[in-house]
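Novice: predicted model and sequence below, questions to follow.
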Amino acid sequence: MPHPSPLKCPTTTTSSTTSPPIPRSQSKSSPHLTPPHLLSSPPSLGIPRKLLLYCFLHARSIFHKHRYLEKLEEESEEVLQAAKVLTLWDPGWGSAWAVRKKHLLGLRARAGEGEGRGEGTDSGDVLGEGKPVRKGKIQEAVEAELAWVETLVTSPLDGKQAKSSWVWAHRMWILQTFPMAVCNGFPGEGLNGYTADDGIGAWVRKELQIVMMAGERHPRNYYAWNYARGVIRISMRTLSSKGGEECARMIHQWCLMHPRDISGWAFLVFLLDQRDLATEPDKSLNADEIVEDVFAKTIDFVRKFAWRGESVEWFLDAAKHLGIVKR
């Protein structure tokens, strides 16, 4: 019996609770090799590690079979799915991320998105060069890629995905390479052509929520919070004062719930230090008052719980030495 393809196991959203068959060589004669069943609770899908190992081995064989081919057409979707499984098993698989980048760049090249820009030299096409695509497909592909990365960093896996520099670097690469697609749907002119006060604020909060969830999966997550700094730098010129206040209070609340996480407190210091960079400040909001309020609530937290954690103390000292608070 031919070896079935298990590639769809980690990526499917089906509610089926049965696992695919396995080769005859691993039949009932070897009970310990029988893959366990999938755990389905739509939209979530639980994949036992043993079953994921089968998927990884098969995906690796497919990936290496085509790794030296510059143009892929019929097998292209198979290779992309193989790359997805490889990043699920090992988020540091650089070649798999390179293939997924090349796929997105190829879509943009065929849609004429990158004509005349001279953005980079790697504009090859994984899905077959010369076939025109509609620009909406780029939007769909970018959204799907962002959703996949979000799945990696927020799922209750073993933690290495949430703290992988490769995963966060790939997400930042998408924001920087496809800003029009990332911010599509935000009316008005602003961040790279698509934004509004409420729109960009909602987008930033969503990205920060992803970072906070990743910080819960893997405490002291430097790479996740460094990605958050990149999001703030990208959006600061168009983020309203009100949007900045909402982000600061949201992060502060998270820090109070995770007082030992030095990475979260360090990002909060960075965020409060950006209070004067907004191009359209809201006169009804006083940035210094917001900072003072955050600082005061932190001191109340320390006194109320008699907290002696090093992270909180560092935040209070850093805020004073950097001149963020004047007391």
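Specialist: Nice, thanks for sending it over.

Novice: wouldn't Val291 be in contact with Ile324 here?
Specialist: Yes. Between Val291 and Ile324 there is a contact at 5.8 Å, judged by CB atoms under 8 Å. In short, each C-beta sits where N, CA and C put it, glycine included.

Novice: what is in contact with those two at once?
Specialist: Common neighbours of Val291 and Ile324 (criterion: CB atoms under 8 Å, 6 or more residues apart in numbering): Leu272.

Novice: low-confidence ranges, the stretch 1-150 of the chain, go.
Specialist: Scanning the stretch 1-150 of the chain with the threshold set as pLDDT under 70 gives 1-36, 41, 43, 67-75, 112-135.

Novice: mind listing the strands in it by residue range?
Specialist: Using DSSP state E, counting those that start in this stretch, the strands found in the stretch 1-150 of the chain span residues 39-41, 44-46.

Novice: among the ones you listed, which is the most enclosed?
Specialist: strand 44-46 (a mean of 15; mean count of other CB atoms under 10 Å).

Novice: ok, now which ones touch His174?
Specialist: Not quite, residue 174 is Ile, not His. Leu104, Val142, Glu145, Leu146, Val149, Val182.

Novice: tell me the secondary structure for it?
Specialist: Three-state call for Ile174 (DSSP: H, G, I helix; E, B strand; the rest coil): helix.

Novice: could you measure from it over to Ser165?
Specialist: To Ser165, Ile174 is 15 Å away according to CB to CB, to the nearest Å.

Novice: can you put the strands of the stretch 1-150 of the chain in JSON lines and add distance to Arg100?
Specialist: Listed next are the strands of the stretch 1-150 of the chain as JSON lines, based on distance: least, CB to CB, whole Å:
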{"stretch": "strand 39-41", "distance to Arg100": "26"}
{"stretch": "strand 44-46", "distance to Arg100": "20"}
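
Novice: wait, which of those strands is closest to Ser240?
Specialist: strand 44-46 (34.8 Å; CB to CB).

Novice: pull up the pairing partners for that closest one, direction included.
Specialist: Strand 44-46 has these partner strands in its sheet, going by DSSP bridges: strand 39-41 (antiparallel).

Novice: dump the helix or strand hosting Tyr223 to PDB, restricted to CA.
Specialist: Element membership of Tyr223, judged by DSSP states H and E, is helix 222-235. Coordinates of each C-alpha in helix 222-235 appear next as PDB, following Å, rounded to 0.1, in the frame of the first residue of the first chain:
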ATOM      1  CA  TYR A 222      13.000  39.000  23.900                       C
ATOM      2  CA  TYR A 223      12.300  38.300  20.200                       C
ATOM      3  CA  ALA A 224       8.500  38.800  20.600                       C
ATOM      4  CA  TRP A 225       8.900  42.100  22.400                       C
ATOM      5  CA  ASN A 226      11.600  43.300  20.000                       C
ATOM      6  CA  TYR A 227       9.000  42.600  17.200                       C
ATOM      7  CA  ALA A 228       6.600  44.800  19.200                       C
ATOM      8  CA  ARG A 229       9.200  47.600  19.100                       C
ATOM      9  CA  GLY A 230       9.300  47.300  15.300                       C
ATOM     10  CA  VAL A 231       5.500  47.600  15.100                       C
ATOM     11  CA  ILE A 232       5.600  50.700  17.200                       C
ATOM     12  CA  ARG A 233       8.300  52.300  15.100                       C
ATOM     13  CA  ILE A 234       6.400  51.500  11.900                       C
ATOM     14  CA  SER A 235       3.100  53.000  13.200                       C
END
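
Novice: specify the angle between whichever helix or strand comes after it and helix 222-235 in degrees.
Specialist: Later in the chain than helix 222-235, the nearest helix or strand by DSSP H and E is helix 241-257. Going by axes from the mean of the first three to the mean of the last three CA atoms, to 10 degrees, helix 241-257 is angled at 170 degrees with respect to helix 222-235.

Novice: downstream of helix 241-257, the next helix or strand is which one?
Specialist: helix 262-272.

Novice: and that next one, what other elements does it pack with?
Specialist: helix 197-217, helix 222-235, helix 241-257, helix 287-305, helix 310-321 (3 or more CB pairs under 8 Å, 6 or more residues apart in numbering; DSSP states H and E).

Novice: which one of those helices lies nearest to Ser263?
Specialist: Using CB to CB, the helices and strands packed on helix 262-272 put helix 222-235 closest to Ser263, at 4.6 Å.
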